[in-house]
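1. Got a predicted model here, sequence first, then my questions.
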Amino acid sequence: MASSQHVLLSPAELAYLHASLSLAPPIRLDGRSPTQFRPLVAETGILPGTNGSARICFADGTEAIVGVKAEVERTAQRPGEDTVFFEEGGVGTDDADEEGETRDGVDKRKGDASWVEMTVEIPGLRDDDSGTAFLSAMLSEALLADGEFAKRLWINRRFHWKLYLDIILISPPLSYPLPLLSLTSHLALLSTRLPRLKSEGDEDPFFDDDWAAAPHLYPRTAATTTRPPITLLVMAVGNNIIFDPSKEELTVADVALAVSVTSATSPSTLSKPHTTDAEAAAAAETDPESGRNLRLLSIRTIDPPSRLTPPGVANAVNAAYGAAGTQKATLEAQTAAETEAVEGVWKAPRGGAKRAVLGALVQKVLERGGVVDEVLDALEAVELG
Amino acid sequence: MADRRRINGPAGATIPPVFDDVSTPKLKSPKTRSRPPNTTRKMYLKTGVTPSASGSAYLEIETSATPGVSGLKLSCSVHGPRSLPRSAPFSPHIVLSTHVKYAPFATKQRRGYLRDPSERDLGIHLEAALRGAIIADRWPKSGVDIIISIVEGDQDRETSLLQGDEVWDMMNALGGCITVAAAALADAGIDCVDTVAGGVAALVQDAGEDSIPTVVVDPIPSEHEKILAACCIAYLPTRDEVTNLWFRGDLPTSDIDLYTSLVEKGIQASKNANRVLVGCLAETIE
């Protein structure tokens, strides 16, 4: 797995790193604050043959390219209430207009998870490597979790767009590439444009030749703040919560989480069927300056590579330091080393994460005006090519 | 007519006439949940079913469609701990490899013989859940293989339409996988900090569009109108720790309580599964 690639740090180095990250405030290897991201260079529209593309280069030298290609595909028909036969499909039914919204405001668009195909390629890993499968499952899960994204690909009742998202890491995986790949695909989706539809109803789709008239998949107007999801990597060491860990920092993590969030437009959320009172109240009190309504899409535990690190040996049980005492004393020292943590001696963490720690991690990610808002603001500033 | 070796049908095909007065059987409306919201389904667990493996277990969970009939059937075998091959690099810990595979006939849509990405994904989730439970540094330079075959997936065969996507079924399957793997690990005698068990909870919307969503334990997708979010949790009860958390859905971030209650219910489901697991292991010892 990509997160558990071998890091050549000795137990002493690991203990030092863990101790410095557990301080309050933590001291990170590269001097960042706990919530600070690595600096990055981003650009969009770099691939002219795609519907949308982006490139991001992190300061540590990892670089990813994402290309989005769309194809028109016939929707598989199931016998049911909205089956369209060819004869009636040709004339164009007038109860559905181009957006698929009927006059009474009911959304007739339907989406399917199979309309999006995501591939992740990481150099040095096999195509069928589980880590790659995990990464692409995580990214597509975030994209499809709310069920709204696939609806954007609806053309009419007979056709839909099939979206291919190809994510390529073009540098060796120097750190766990999840945040990089997620931010790059976010930008690529933001810059994605689909040709403007000229045909009406359930006709065979016919598109405008003019690329300049092609609307964005995620329209950028003041009214909508809906954005593609972003996935952040967060880890906890001791009582500290650290964002965007580097490879070495991840090696001493007690627990690591990948949290996917998105920002949705408030009005659409209000019209959503599952609006609860609490949610409506929250939407009303969305702070005016950001106007974002964040939604939690998915959380996954990342198996921290710290469980695979070699343990250190305490002086009390080390024969080189004169620990070769009586059999009984050695045994006692060994049980102590097995059960108690010795200051400055690295021991791979056992067991899972406390409930409170997990809760604090998620809370920290979701807090208003926190890292998510910061990252979304930064990505919004990227010019769409 | 190039093909003269076979008896071909007529060139022009016709559609058989369909008469209006034939009463077509109506699709059944989705069933409603018969259990209280915080009760899990009945579970059958047995260890030591595969004599040739060093540890094995078999799990059945009652289905929704017909009461008393099992829905999810899982079989797990553990091979090892055994020494790593000479060519493998040194490892200070046990090398865990998990392998989850649906039988080709386990789901409505046939599965191939090669593992597809969703099965690999399940394998990684399972690995994360078990790695927290195993005391890995007691076996340096050795490896253990955990192989789970899902003999029957938990899908309601009476509903003809595929409702929603399969991910909710995957969560239920993962919960079962974690429990059965923990039983097989215990049967193989591999040291663990605690018995880990999986539990699933979901936020569902049952009646109508405007109803208030409720949190239920051990959801069956076909019993609910809409599943808004679900989470699968692997939990160590005596240490009160979570080794794997998988949440998916769409929740407003302003309402963190909803998420917290989902996790709490997931832990409760996992505790229920753990009771079955401990009972089964105690029975084996006697």
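-> Good, I have the coordinates.

2. which stretches of the stretch 1-150 of chain B have low pLDDT?
-> B:1-2, B:21-31, B:64-70 (pLDDT under 70).

3. got the residues of it near chain A?
-> Contact residues, the stretch 1-150 of chain B versus chain A (CB under 8 Å from any CB of the partner chain): B:91-93, B:117-118, B:120-121, B:123-125, B:127-128, B:131-133, B:135-137. Placement of C-beta: from N, CA and C, glycine included.

4. Filter the residues you listed down to the buried ones.
-> Among the residues of the stretch 1-150 of chain B next to chain A, those classed as buried by 16 or more other CB atoms under 10 Å in any protein chain shown are B:91, B:93, B:117-118, B:120-121, B:123-125, B:127-128, B:131-133, B:136-137.

5. So which of these belong to helices?
-> B:117, B:118, B:120, B:121, B:123, B:124, B:125, B:127, B:128, B:131 (DSSP state H).

6. Quick one: residues contacting the closest residue to the second one other than its chain neighbours.
-> On the basis of CB to CB, 6 or more residues apart in numbering or on different chains, the spatially nearest residue to residue B:118 that is not a chain neighbour turns out to be residue B:170, at 6.2 Å. Applying CB atoms under 8 Å, 6 or more residues apart in numbering or on different chains to residue B:170 gives the contacts B:118, B:121, B:122.

7. closest to residue A:363 among those residues?
-> Relative to residue A:363, the closest of those is residue B:121; by CB to CB it sits at 26.4 Å.

8. residue contacts, that closest one?
-> Residue B:121 sits next to A:130, A:133, A:134, A:137, B:170 when contact means CB under 8 Å, 6+ apart.

9. I'd like to know which elements whichever strand or helix holds the second one is packed against.
-> Element membership for residue A:133 (DSSP states H and E) is helix A:130-144. Using 3 or more CB pairs under 8 Å, 6 or more residues apart in numbering or on different chains; DSSP states H and E as the contact test, the elements touching helix A:130-144 are strand A:116-121, strand A:159-169, helix A:178-190, strand A:230-237, strand A:255-264, strand A:293-302, helix B:117-131.

10. Out of these, which gets nearest to residue A:14?
-> strand A:230-237 (11.3 Å).

11. how distant is that closest one from the center of its chain?
-> 10 Å (CA atoms, centre = their mean, to the nearest Å).

12. Stretch B:79-91 too?
-> The answer for stretch B:79-91 is 29 Å, by CA atoms, centre = their mean.

13. Okay, now the unreliable bits of the stretch 251-385 of chain A?
-> A:265-291, A:322-330, A:333-334, A:336-339, A:385.

14. isn't there a strand covering residue B:41?
-> No. With DSSP: H, G, I helix; E, B strand; the rest coil as the criterion, residue B:41 is located in coil rather than a strand.

15. Tell me which residues touch it, please.
-> Residue B:41 touches B:35, B:61, B:62, B:64, B:71, B:218, B:220, counting by CB under 8 Å, 6+ apart.

16. Dump these to JSON lines, plus neighbour count, distance to residue A:335 and secondary structure.
-> Formatted as JSON lines, the contacts of residue B:41 follow (neighbours: other CB atoms under 10 Å in any protein chain shown; distance: CB to CB, whole Å; DSSP: H, G, I helix; E, B strand; the rest coil):
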{"residue": "B:35", "neighbour count": "16", "distance to residue A:335": "46", "secondary structure": "coil"}
{"residue": "B:61", "neighbour count": "26", "distance to residue A:335": "40", "secondary structure": "strand"}
{"residue": "B:62", "neighbour count": "19", "distance to residue A:335": "44", "secondary structure": "strand"}
{"residue": "B:64", "neighbour count": "22", "distance to residue A:335": "49", "secondary structure": "coil"}
{"residue": "B:71", "neighbour count": "21", "distance to residue A:335": "45", "secondary structure": "strand"}
{"residue": "B:218", "neighbour count": "25", "distance to residue A:335": "40", "secondary structure": "coil"}
{"residue": "B:220", "neighbour count": "27", "distance to residue A:335": "47", "secondary structure": "coil"}
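
17. Can you tell me which of these is closest to residue A:45?
-> The shortest approach to residue A:45 among those belongs to residue B:220, at 46.0 Å (CB to CB).

18. That closest one and residue B:35 touch, don't they?
-> No. Using CB atoms under 8 Å, residue B:220 is not in contact with residue B:35; the gap is 9.3 Å.

19. how many other residues sit next to residue B:255?
-> Residue B:255 is flanked by 17 other residues according to other CB atoms under 10 Å in any protein chain shown.

20. now the one 10 residues further on
-> Neighbours of residue B:265 under the rule other CB under 10 Å: 24.

21. contacting residues for the nearest residue to it once chain neighbours are set aside?
-> Nearest non-adjacent residue to residue B:265, counting by CB to CB, 6+ apart: residue B:201, 3.6 Å away. Counting by CB under 8 Å, 6+ apart, residue B:201 makes contact with B:215-219, B:230-231, B:233, B:262-266, B:268-269.

22. on that earlier part again, can you classify the residue nearest to residue B:118 as helix, strand or coil?
-> Taking three-state DSSP, the label given to residue B:170 is helix.

23. do the same with the one 10 residues further on
-> Counting by three-state DSSP, the backbone at residue B:180 sits in helix.

24. pretty sure it is touching residue B:58, no?
-> Yes. Shown here, residue B:180 and residue B:58 form a contact pair, counting by CB under 8 Å, at 7.2 Å.

25. can I assume residue B:167 is in contact with residue B:248?
-> Yes. Using CB under 8 Å, residue B:167 is in contact with residue B:248, at 6.2 Å.

26. More neighbours: which of these two?
-> It is residue B:248, of residue B:167 and residue B:248, that has more neighbours when counted by other CB under 10 Å, with 24 against 21.

27. Could you pull out the strands in the chain for me?
-> Looking at chain A here, since you left the chain open. A:40-44, A:52-58, A:63-74, A:116-121, A:159-169, A:230-237, A:240-243, A:255-264, A:293-302, A:353-354 (DSSP state E).

28. looking at chain B here, not the other one
-> Using DSSP E, strands in chain B cover B:43-47, B:55-62, B:70-83, B:95-102, B:142-152, B:197-205, B:214-217, B:226-236, B:241-252.

29. The last one pairs with which strands, parallel or anti?
-> Right, strand B:241-252. When pairs are called by DSSP bridges, strand B:241-252 turns out to pair with strand A:293-302 (antiparallel), strand A:353-354 (antiparallel), strand B:226-236 (antiparallel).

30. Can you add mean neighbour count and distance to residue B:148 and give the ones you listed back as TSV?
-> Formatted as TSV, these follow (neighbours: other CB atoms under 10 Å in any protein chain shown; distance: least, CB to CB, whole Å):
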stretch	mean neighbour count	distance to residue B:148
strand A:293-302	25	19
strand A:353-354	20	24
strand B:226-236	26	14
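
31. out of these, nearest to residue A:375?
-> In terms of CB to CB, the element of the strands paired with strand B:241-252 nearest to residue A:375 is strand A:293-302, at 11.3 Å.

32. angle of that closest one against helix A:130-144?
-> Interaxial angle of strand A:293-302 relative to helix A:130-144 (axes from the mean of the first three to the mean of the last three CA atoms, to 10 degrees): 160 degrees.
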